[in-house]
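*Asks:* quick one, structure for this:
(4 chains)
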4 protein chains.
Amino acid sequence: MTLRVAVAGASGYAGGEILRLLASHPGVDIGVLAAHSSAGLTLGQVQPQLTSLAGRTLTETSAAALGGHDIVFLALPHGQSGALARELGDDTLVIDCGADFRLRDPVEWKRFYGTEHAGTWPYGLPEMPGARDELKGANRVAVPGCYPTAVTLALSPAHAARLVEPEVVVVAASGTSGAGRRAGPHLLGSEVMGSMTPYGVGGGHRHTPELVQNLSLVAGEPVTVSFTPTLAPMPRGILATCSARLRPHVAADGGLDEVREVFEAAYADEPFVRLLPRGQWPSTGAVLGSNTVQVQVAVDPAARRLVCVSAIDNLTKGTAGGAVQSMNVALGLPEGLGLPMNGVAP
Amino acid sequence: MTLRVAVAGASGYAGGEILRLLASHPGVDIGVLAAHSSAGLTLGQVQPQLTSLAGRTLTETSAAALGGHDIVFLALPHGQSGALARELGDDTLVIDCGADFRLRDPVEWKRFYGTEHAGTWPYGLPEMPGARDELKGANRVAVPGCYPTAVTLALSPAHAARLVEPEVVVVAASGTSGAGRRAGPHLLGSEVMGSMTPYGVGGGHRHTPELVQNLSLVAGEPVTVSFTPTLAPMPRGILATCSARLRPHVAADGGLDEVREVFEAAYADEPFVRLLPRGQWPSTGAVLGSNTVQVQVAVDPAARRLVCVSAIDNLTKGTAGGAVQSMNVALGLPEGLGLPMNGVAP
Amino acid sequence: MTLRVAVAGASGYAGGEILRLLASHPGVDIGVLAAHSSAGLTLGQVQPQLTSLAGRTLTETSAAALGGHDIVFLALPHGQSGALARELGDDTLVIDCGADFRLRDPVEWKRFYGTEHAGTWPYGLPEMPGARDELKGANRVAVPGCYPTAVTLALSPAHAARLVEPEVVVVAASGTSGAGRRAGPHLLGSEVMGSMTPYGVGGGHRHTPELVQNLSLVAGEPVTVSFTPTLAPMPRGILATCSARLRPHVAADGGLDEVREVFEAAYADEPFVRLLPRGQWPSTGAVLGSNTVQVQVAVDPAARRLVCVSAIDNLTKGTAGGAVQSMNVALGLPEGLGLPMNGVAP
Amino acid sequence: MTLRVAVAGASGYAGGEILRLLASHPGVDIGVLAAHSSAGLTLGQVQPQLTSLAGRTLTETSAAALGGHDIVFLALPHGQSGALARELGDDTLVIDCGADFRLRDPVEWKRFYGTEHAGTWPYGLPEMPGARDELKGANRVAVPGCYPTAVTLALSPAHAARLVEPEVVVVAASGTSGAGRRAGPHLLGSEVMGSMTPYGVGGGHRHTPELVQNLSLVAGEPVTVSFTPTLAPMPRGILATCSARLRPHVAADGGLDEVREVFEAAYADEPFVRLLPRGQWPSTGAVLGSNTVQVQVAVDPAARRLVCVSAIDNLTKGTAGGAVQSMNVALGLPEGLGLPMNGVAP
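*Replies:* Numbering: from 1, shown residues only, chains lettered A, B, ... in the order given. Sure thing, here's the model as predicted:
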């Protein structure tokens, strides 16, 4: 028996990627595709890559249109998920790709988003300690931000094993699709090609409190995160370079063996986390279109820091893939169903 | 019952893409992966995107190693397929992604490749008139060149319906992976990013005789092709812009209706050819990683020419996807098995 | 004595490039910088690359603001130059980078632009036969479109020497800055990177009548042009691939000698046209930021066509460089003053 | 009176950029162009962007060929400058773009380069405290590495004013030209476009000891540097994101005023360092082809870190521009002679 699924925000980048994955997912049937300004158009007009669904028509977003599906994916601007979700019954699995239900602390929410906190839902990062159990059987899922997915998976084992101090520095490069489809002059191809630039420097990016929340939960102590996102001249991909001081008990020379053991143990059974062999480094190109996270670690003996690097496709594992993976877990389906493990490269 | 498949040239771009597709093909089991200078390495070292096969070891290329499989894909430099294929039995389906068995005319072969002609195999472009029947049950398949795939599908209906004169002008842009993985200074990222340049201008490109062969077969008369390939700053994709004079009987004003009818009829039942709705134009980004060909046509009343444009992923429909599609046809499997129809975009 | 120059449209791509060139031009002094929605901002806020002028403030565009300068560059949307120019006195050299005064035929203007024809000014392509003389001492200059610059210089010698038939096929790839700075979703970096797509297919692009006008003037007979522009994943550059049938009197085998002689003679004294040595092909990367046009030719004996390829930087030789070069000619300054001949590569 | 200049390594990326700058430098005359495997070719064949010098022939590299010039630029692989320089007289200004003479500590040299230390020359970063005086009248100059140029200018004022602790974390993205012209498969366009990947992680990159040397000199105490370089999909540019803990005496809230005062004072008279206005961030696109360094700073109150970001063109300010600037200083010419301040953007 297949489950009927609806997607709100089907005209955006996240919505398009959700549909690409669902179109080859054997357990679901694609129902209503909802959009806002594109309502009335065919999907082929706004998502020309989705050939198999090109003739489908986009409908206006409303709880009525989305109701009657077993699963509803919300890929909407921040702040719009709460009202919709309340109108969808408890027997509907609602998977929100926006930020609304990710944070636990209402104060942090208000500080970064400026509105009242809508609540907290089970967190759609199954690889994070404890998350998979919480997701099983859930009817509401908050899909993590793309940066938090990359950074949390790069650093968690080190924090859980208390290898590093709780002061983390993260510099991450993201492809432009992370900024969504809303055209701004600074996102024009002419501006971004051949250029790199940072943004939200100094702790201002909205994924910062989510990073702090995740790493603090894993570490069991408050972790500070200096986070600098940068915009890279590529459509997709996040490369997260994360580092922290080694705790005194970790040997800096030869400490890599100890570190690798920790990471190997943490990810031994995770199908979508690939700890690379020594000497091989993550690249965003290698994970394009896949749900795989590549992770690698190094110890810098002179600076006494652990450097953890991860690469993901921000739209797949970073958004739509993580959403479908969480759907599978919530519904008790095989976790990897419909999710590509191999990237489209070169 | 699954079929066992081997791939020779597994360390190259074509070989990697064949493996990406086979890894999610439900009808096959991946056996020997053969390479040359990379023999002894793991697949993960040379194709880091193929996470699901990362631990497999590459073996030296030989008929002995490839023997004992039901299907063998050859993704080798030109001129190396013949000797290998002769040693593989008639009960093995051999699918050659090289040029060796594409041309029918030994003189043209010698003129463009300089060696003796190895022979002619059934042509792996099922959408070309007559080709599908020839492929059914075949045990040898010559996969078309990437440019001929794009150009033949853009123009065939027009030639078959005698809408245009037999003098064709083709200018096509290709991503850099079309040049293969062998590093040359002109293919360095520093050289190709931000730059476009033509090559093989004036009829010198080796795909020219294949273009002439295909279009002449379809037209039923000799067709000349002025072909200019250009190198575009993208890893994958071919955009082929093809034009020819309208024959006098075709009305230039309003001729588009007549032309579209011809193309709609030609491709009505082709799952991998998408004739776009009026006003929408092919883009290589929309077909990335998919086996889809996007086609669109326009009539220029002032120049009295028909302009046909197609977009493919040179490694998928242009090579590995076409190869797997032909394998499916040859073996009597559903033609689209294991082949993505939706592109990875943006 | 230096001349005072004003620039209207200083916040756009063309305006920015004009200012980059003028900033190192020894004969001019930069005066008023006018803009529309950016008026009141500093130049550094909208053109962060123009460090030497970063503190200058943009003023509202008006004839009053632009008056009192010796030279005024107009880099405005089509249709806005006429009214402004009428208010600027005859002692002001007005150089219009828009389309308003390029076409001679009011019917063609109306057909492609939909408004009344504003007039025809001396044409700012000094390398075109007759144009340099017309520019000397002129007080009004219409800078050519970027595609017409590339195509006219690629084909003119062949038409002037009657080497080819008057039916031309042009396929040209352009960087995204050709579309200007106005953000449209299809020009987002996420959409254009890794993708090529055509537009204005079938004779609809507004540069088509300008191409026809130029080539017909040079040929001395009506020339038809089948023109297909394509959008390439790079910020700057045009690669124009142009071809036409050889006239019967030109030998196809060995005809290259004859053709090269014609081109060598045509461009022997042109400082900004570089006919490349045999075997070397134009690339847009090599002319980035320079006023140079690279040209190369080939004869295809099988198709009996001449293929002429040119590469320019659409913003430099294709717009701002051509404008400054024309200014130099009009004012009797050395033609190359302030114009870089060498590209920024790789 | 113009000075005669020779360039060794004229076929490489650094050599080509040196020639681009020298070609428009009013004080020099370009003499011998030396290369290794390209000797005998014309410059136009290997550096097609250098139109103004296209007909010059490359000669074999030797002290004899380079002798008799007033100035010699060496753009050679590491380890080859020492022997050549010894044969060039003291009346020749030798400017080495390689690493050989950058480090002061022979032990660090040997640890990172494996050979005997050749010596230490005046350091070609005029903006570094003390360096300009040392360069005046020098006849030997060691041009800094590209990363050290970007990082030193981003952080120096903070260290000099003791705003931060001496533990620095640097993550920098570089365009591919930083790896030079030697083709490696991982530098193919197919591999780098659309992908980001780190290298030399954990303190292994050869610019690390130069970073430590520079920052320690400026700080007056030993500084540790955790340095992670990443390869970005663009031909040119370095974006360096650098951070360190604020010292306790710096107020985290409102500390930005104090920090900006320090940076404004440090760079008030530096023509090539542009401290951007608040709210504007460096981008590599904005400095393309120019000798400008864009710098911006932020204070992260939650993490109590200062974040300093700089953008340069790795081939211009990062190599050739820095070299020409140092030449100007050494010879007593105006420091900015022949050096573009404005970038080629978009």
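*Asks:* the residue nearest to residue A:178 when sequence neighbours are not counted sits in which helix or strand?
*Replies:* Leaving aside its sequence neighbours, residue A:178 sits nearest to residue A:314 (Cβ to Cβ, 6 or more residues apart in numbering or on different chains; 4.9 Å). For the C-beta atoms, the positions are set from N, CA and C on the backbone; glycine is no exception. For residue A:314, there is no helix or strand it lies in under DSSP states H and E.
*Asks:* average pLDDT for stretch A:115-131?
*Replies:* The average pLDDT for stretch A:115-131 rounds to 96.
*Asks:* ok now that stretch, how far from the chain's centre?
*Replies:* Here stretch A:115-131 is found 12 Å from its chain centre; the criterion is Cα atoms, centre = their mean, to the nearest Å.
*Asks:* on that earlier part again, the residue nearest to residue A:178 and chain D, how far apart?
*Replies:* 12 Å (Cβ to the nearest Cβ, to the nearest Å).
*Asks:* try residue A:40
*Replies:* 33 Å.
*Asks:* tell me the confidence at the residue nearest to residue A:244 when sequence neighbours are not counted?
*Replies:* Nearest residue to residue A:244, sequence neighbours excluded (Cβ to Cβ, 6+ apart): residue A:164, at 3.7 Å. As predicted, residue A:164 sits at a pLDDT of 98.
*Asks:* hmm, residue A:242 and residue A:164 touching each other?
*Replies:* No - assessed by Cβ atoms under 8 Å, residue A:164 is found out of contact with residue A:242, at 9.6 Å.
*Asks:* any residues in contact with both of the two?
*Replies:* Jointly contacting residue A:164 and residue A:242 under the rule Cβ atoms under 8 Å, 6 or more residues apart in numbering or on different chains are residue A:155.
*Asks:* higher neighbour count, the two?
*Replies:* residue A:242 (29 against 23; other Cβ atoms under 10 Å in any protein chain shown).
*Asks:* give me the beta-bridge partners of the more buried one?
*Replies:* Counting by DSSP bridges, residue A:242 forms beta bridges with residue A:170, residue A:308.
*Asks:* separation between it and residue D:168?
*Replies:* Distance, residue A:242 to residue D:168, by Cβ to Cβ, to the nearest Å: 16 Å.
*Asks:* what's the answer for residue A:37, then?
*Replies:* 47 Å.
*Asks:* more neighbours: the two, which one.
*Replies:* Set residue A:37 next to residue D:168 and count neighbours by other Cβ under 10 Å: residue D:168 wins out with 28 against 9.
*Asks:* list the contacts for that one?
*Replies:* Per Cβ under 8 Å, 6+ apart, neighbours of residue D:168: D:155, D:211, D:215, D:223, D:224, D:225, D:226, D:242, D:243, D:244.
*Asks:* which parts of the helix or strand of chain A with the lowest mean pLDDT count as buried, going by neighbours?
*Replies:* The helix or strand of chain A with the poorest confidence is helix A:81-87; it has a mean of 93 (mean pLDDT, DSSP states H and E). Neighbour counts over helix A:81-87 (16 or more other Cβ atoms under 10 Å in any protein chain shown) mark A:81, A:82, A:84, A:85 as buried.
*Asks:* doesn't residue A:8 make contact with the third one?
*Replies:* Yes - distance between residue A:84 and residue A:8: 6.9 Å, which falls inside the contact criterion (Cβ under 8 Å).
*Asks:* what sits in contact with each of these two?
*Replies:* Joint contacts of residue A:84 and residue A:8 (Cβ under 8 Å, 6+ apart) are A:61, A:66, A:74, A:76.
*Asks:* the stretch 151-300 of chain A: strands as residue ranges?
*Replies:* A:164-174, A:197-198, A:224-231, A:238-246, A:273-275, A:293-300 (DSSP state E, counting those that start in this stretch).
*Asks:* identify all contacting residues around the fifth one.
*Replies:* So that's strand A:273-275. Here strand A:273-275 makes contact (Cβ under 8 Å, 6+ apart) with A:127, A:153, A:260, A:263-264, A:267, A:292-296, B:51, B:54.
*Asks:* quick one, what contacts the residue of chain A positioned farthest from its centre?
*Replies:* Centroid-distance maximum for chain A: residue A:253 at 33.9 Å, with Cα atoms, centre = their mean. Residues in contact with residue A:253 (Cβ under 8 Å, 6+ apart) are residue A:301.
*Asks:* which elements pack onto the longest helix seen in chain A?
*Replies:* Selection of the longest helix in chain A by residue count, based on DSSP state H, yields helix A:146-160. Using 3 or more Cβ pairs under 8 Å, 6 or more residues apart in numbering or on different chains; DSSP states H and E, the elements in contact with helix A:146-160 are strand A:164-174, helix A:208-219, strand A:224-231, strand A:238-246, helix A:255-267, strand A:293-300, strand A:305-312.
*Asks:* give me the angle between that helix and helix A:208-219.
*Replies:* Interaxial angle of helix A:146-160 relative to helix A:208-219 (axes from the mean of the first three to the mean of the last three Cα atoms, to 10 degrees): 30 degrees.
*Asks:* hey, what's the angle from helix A:146-160 to strand A:224-231? Just curious.
*Replies:* Helix A:146-160 runs at 150 degrees relative to strand A:224-231, counting by the same axes, to 10 degrees.
*Asks:* how many other residues sit next to residue A:184?
*Replies:* Residue A:184: 11 surrounding residues under other Cβ under 10 Å.
*Asks:* spatially nearest residue to it, not counting backbone neighbours?
*Replies:* Using Cβ to Cβ, 6+ apart and skipping residues adjacent in sequence, the residue nearest residue A:184 is residue C:183, 6.3 Å away.
*Asks:* wait, that neighbour touches residue A:188, no?
*Replies:* Yes - using Cβ under 8 Å, residue C:183 is in contact with residue A:188, at 5.6 Å.
*Asks:* so those two - more neighbours on which side?
*Replies:* Using other Cβ under 10 Å, the more surrounded residue of residue C:183 and residue A:188 is residue A:188, with 27 against 18.
*Asks:* dig out what the more buried one forms beta bridges with.
*Replies:* Beta-bridge pairing of residue A:188 under DSSP bridges involves residue C:188.
*Asks:* got the contact list for it?
*Replies:* Listed by Cβ under 8 Å, 6+ apart, the contact partners of residue A:188 are C:176, C:181, C:183, C:187, C:188, C:189, D:346.
*Asks:* same question, residue A:79
*Replies:* Here residue A:79 is in contact with A:98, A:100, A:113, A:115 (Cβ under 8 Å, 6+ apart).
*Asks:* against residue D:163, how distant is it?
*Replies:* Using Cβ to Cβ, residue A:79 is found at 38 Å from residue D:163.
*Asks:* now swap in residue A:320 and tell me
*Replies:* Residue A:320 sits 43 Å away from residue D:163, going by Cβ to Cβ.
*Asks:* give me the more crowded residue out of those two.
*Replies:* residue A:320 (30 against 24).
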